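Chemist: I need the structure of the sequence given here:
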Amino acid sequence: MAGQRIIPNIWCHRVAEQAGAFYASALPGTTAEVTARYPDEGLREPQRGFAGLPVTVDVRIGEYRITLINAGDQFRPQPSISFLLAFDPRDDDGDASATRRRVTAVWDALSEGGTELIALGAHPFSPWYGWIEDRYGVSWQPMIVPPEGERRPFVTPLLTFGGAVQNRAREAMDFYTGLLPDSGILSVVPHTEPRGPARPGDVLFARFRLVGQDFAAMDSGTSRTVPFDGGVSLEVRCDGQAEIDRLWRALSAVPETEACGWCTDRFGVSWQVVPSDIGELLQRPDAFAHLMSMKRIVIDEL
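Modeler: Numbers count the residues shown, from 1 in each chain. You can find the predicted model right below:
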């Protein structure tokens, strides 16, 4: 199956369309498009107030896709899953000052109405880096990356393991990479000395790959962390019912959170295990209502 198989989904409280327009203006090479709407009738509580409104908005940052979910106030994005934005000086013919200006422009746009988590500036791992939570609660980490070696994707989701799952980043990477093809751990930089709840040998920063897509992970170096939840979930597109069933059995560890193809794994990360053609399947008569009654998706029952 070609294309981006794992799509980060961001939960928005009735503002997905506005958020999409914001990201299209703030991030380079980005577009936003409403891709599905709630039916005009036949909705159950609490969706009835959403009749005719967007369900999903696709944000495409270059070729990378993020989906915004328009829904209620059950969740809010948390910095436990953030997005690294890699700015490479090679795109500016090696002009580091031009690259710095590009990072600063994105930082300024995302900062409007947002909250600074780590100030933009020089850091040991990057000459120009910062961590910002934007007005919609989504966390971004724009940074200049080394202008040599393999090019990094512009967008990389970063999973930060803290609180109840502190120091389990390596365990999680082993688990995830064992589930999916074209997956593996690319690099691990360990903590060399204690840093908050992190111990020597725990993960300071790591890169891993799932079905050909880059992800990053770290064990939190501070006790001021928030757990994973449905505010940012990972939608994995499956090639048929057998793959849905296999991944559901492996990932679902919290039965009470199962709904509409959503499940929560042993680390608290939320997943959406869906068929690759979910958009087309939901065009079937009454498919949306059938989906609302499911936990694990059964394609033939949509």
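
Chemist: residues near the residue nearest to residue 281 when sequence neighbours are not counted, how many?
Modeler: Setting aside the residues directly before and after it, residue 281 is nearest to residue 302 in space (Cβ to Cβ, 6 or more residues apart in numbering), at 4.9 Å. In short, each C-beta sits where N, CA and C put it, glycine included. Neighbour count for residue 302, taken as other Cβ atoms under 10 Å: 18.

Chemist: the strands in the stretch 51-200 of the chain, which residues?
Modeler: 54-61, 64-71, 81-87, 115-123, 126-133, 139-144, 155-161, 184-190 (DSSP state E, counting those that start in this stretch).

Chemist: so which of those gets nearest residue 231?
Modeler: Closest to residue 231 of those, according to Cβ to Cβ: strand 81-87, at 7.9 Å.

Chemist: just the angle between the closest one and strand 139-144, please?
Modeler: 20 degrees (axes from the mean of the first three to the mean of the last three Cα atoms, to 10 degrees).

Chemist: can you list contacts of strand 81-87?
Modeler: 8, 27, 66, 99, 102-103, 106, 128, 131, 138-145, 152-160, 216, 228, 231-232, 269 (Cβ atoms under 8 Å, 6 or more residues apart in numbering).

Chemist: neighbouring contacts of stretch 187-207?
Modeler: Contacts of stretch 187-207 (Cβ under 8 Å, 6+ apart): 125, 156, 161-162, 166-167, 169-170, 173, 185-186, 214-223.

Chemist: buried ones among the residues you listed?
Modeler: Neighbour-count burial within the contacts of stretch 187-207 applies to 156, 161-162, 166-167, 169-170, 173, 214-221; the criterion is 16 or more other Cβ atoms under 10 Å.

Chemist: what is the most widely separated pair among those residues?
Modeler: 166 and 214 (23.6 Å).

Chemist: isn't residue 121 up against residue 129?
Modeler: Yes - counting by Cβ atoms under 8 Å, residue 121 does reach residue 129; the two are 7.4 Å apart.

Chemist: need the distance between the two termini of stretch 231-250.
Modeler: For stretch 231-250, the first-to-last residue distance is 21 Å (Cα to Cα, to the nearest Å).

Chemist: use 287 as the first number from now on
Modeler: Got it, the first residue is 287 from now on, which makes the last one we talked about stretch 517-536.

Chemist: before we move on, the earlier item: and the buried ones among the contacts of stretch 473-493, which is closest to residue 582?
Modeler: Using Cβ to Cβ, the buried ones among the contacts of stretch 473-493 come closest to residue 582 at residue 501, 23.9 Å.

Chemist: beta partners of that closest one?
Modeler: residue 494 (DSSP bridges).

Chemist: isn't it right up against residue 495?
Modeler: Yes - counting by Cβ under 8 Å, residue 495 is a contact partner of residue 501 at 7.1 Å.

Chemist: closest one of the buried ones among the contacts of stretch 473-493 to residue 578?
Modeler: Of the buried ones among the contacts of stretch 473-493, the one sitting nearest to residue 578 (Cβ to Cβ) turns out to be residue 501, at 29.9 Å.

Chemist: pLDDT score for that closest one?
Modeler: Residue 501 is assigned a predicted lDDT (pLDDT) of 98.

Chemist: wait, what's in contact with it?
Modeler: 442, 443, 444, 445, 462, 493, 494, 495.
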